[in-house]
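> Generate coordinates for the sequence data below:
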Amino acid sequence: MSQLSFSDLSTHRVLVPGGTGAVGEGVVRALLTSGAEVIVPTRSQERAEEFRRVLGNAADEHLHLVKHDYTTFAGAQELVEQVIHYRGGIDSVVAPIGGWWQGSTLTGITEDDWANAFTDLATTHMAMLRAALPALDGRGAYIVVVGDSAAWPVPGSGLVSMEQAALLMMQRVAAAENGASRRIFSLVLGPATTRHATGTIDALDVGRVAAAISASSAPSQSIGLHGGDDVDAALHALSEAVGA
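Numbers count the residues shown, from 1 in each chain. Have a look, this model is predicted:
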């Protein structure tokens, strides 16, 4: 892990769809350490209770677990409206929504493969951006988390590569459409170190960079994170943009 440092996000309200996932856990931990109010939707009360146990002492009064299905346009819109009603607004969104799929070559996929590995995940991301981005006031940022497969083809997991590439373009189009009025970022990750796997970038560091983005005034951009040096460089650049 890179040198420990956390941005101050006191009074900042951050919605983290996908926060109960492996990378999402690190993001949530970092945001809570930064003092943010962190809202994490889950699909069941059982999953919420399990996630609270996983976080342990980190799950303080700033963590708000909301039972809600946000995988459709209507569901995502209802979630955003619910968060605004109960928390008074949303300052940032960090979206580490995703999963892995290992199957066959593209010519061997089934219609169910296509739906599960591409359509469902891409729809969830699109639904969240569509619902939440207009609710941001420009103080924070919308941050999409994707993997290196967005730019590098992975034989046998081509649907993941295609879906991640679509999300990367979603961020770029949203940034172009919004100009300076709202900040939209992508974090492009190498293999992540989580409770379940060892990689080149620690999930907690992903959260630290996301927190630094939210606290900064840096313009929309894509940031690659593949190890500690990338994390340090990103944190340094973002710290110089605070209040700029």
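> how about the host helix or strand of Val94 as PDB, C-alpha atoms only?
Element membership of Val94 [criterion: DSSP states H and E] is strand 92-95. Taking Å, rounded to 0.1, in the frame of the first residue of the first chain, the C-alpha atoms of strand 92-95 are listed here in PDB:
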ATOM      1  CA  SER A  92     -20.200  12.400  -5.000                       C
ATOM      2  CA  VAL A  93     -20.800   8.900  -6.500                       C
ATOM      3  CA  VAL A  94     -18.200   6.200  -6.600                       C
ATOM      4  CA  ALA A  95     -19.300   3.200  -8.700                       C
END
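> what mean pLDDT would you report for it?
Averaged over strand 92-95, pLDDT sits at 98.
> residue ranges of the helices in this structure, please?
Assigned by DSSP state H, the helices in the chain fall at 22-33, 45-55, 73-87, 111-114, 120-132, 158-178, 203-215, 228-240.
> quick one: buried residues of the last one?
Judged by neighbour count using 16 or more other CB atoms under 10 Å, the buried positions of helix 228-240 are 230-231, 234-235, 238. For glycine as for every other residue, the C-beta is placed from the backbone atoms N, C-alpha and C.
> In TSV: the residues you listed, plus distance to Val154.
Formatted as TSV, these follow (distance: CB to CB, whole Å):
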residue	distance to Val154
Asp230	21
Val231	24
Ala234	24
Leu235	29
Leu238	29
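> picking up where we left off before, what lies in contact with the strand holding Val94?
When contacts are defined by CB atoms under 8 Å, 6 or more residues apart in numbering, strand 92-95 is touched by residues 12-19, 27, 31, 36, 125, 128-129, 132-133, 136, 140-145, 207, 210, 213-214.
> Strand partners (parallel or antiparallel) of it?
Strand 92-95 pairs in its sheet with strand 13-15 (parallel), strand 142-147 (parallel), by DSSP bridges.
> center of this structure, which residue is that?
The centroid of the chain falls nearest to Ala95 when counting by CA atoms, centre = their mean (2.4 Å).
> what's across from that one in the sheet?
Val144.
> Do I have it right that Val40 meets Glu25?
No - if you go by CB atoms under 8 Å, Val40 and Glu25 don't touch, sitting 9.7 Å apart.
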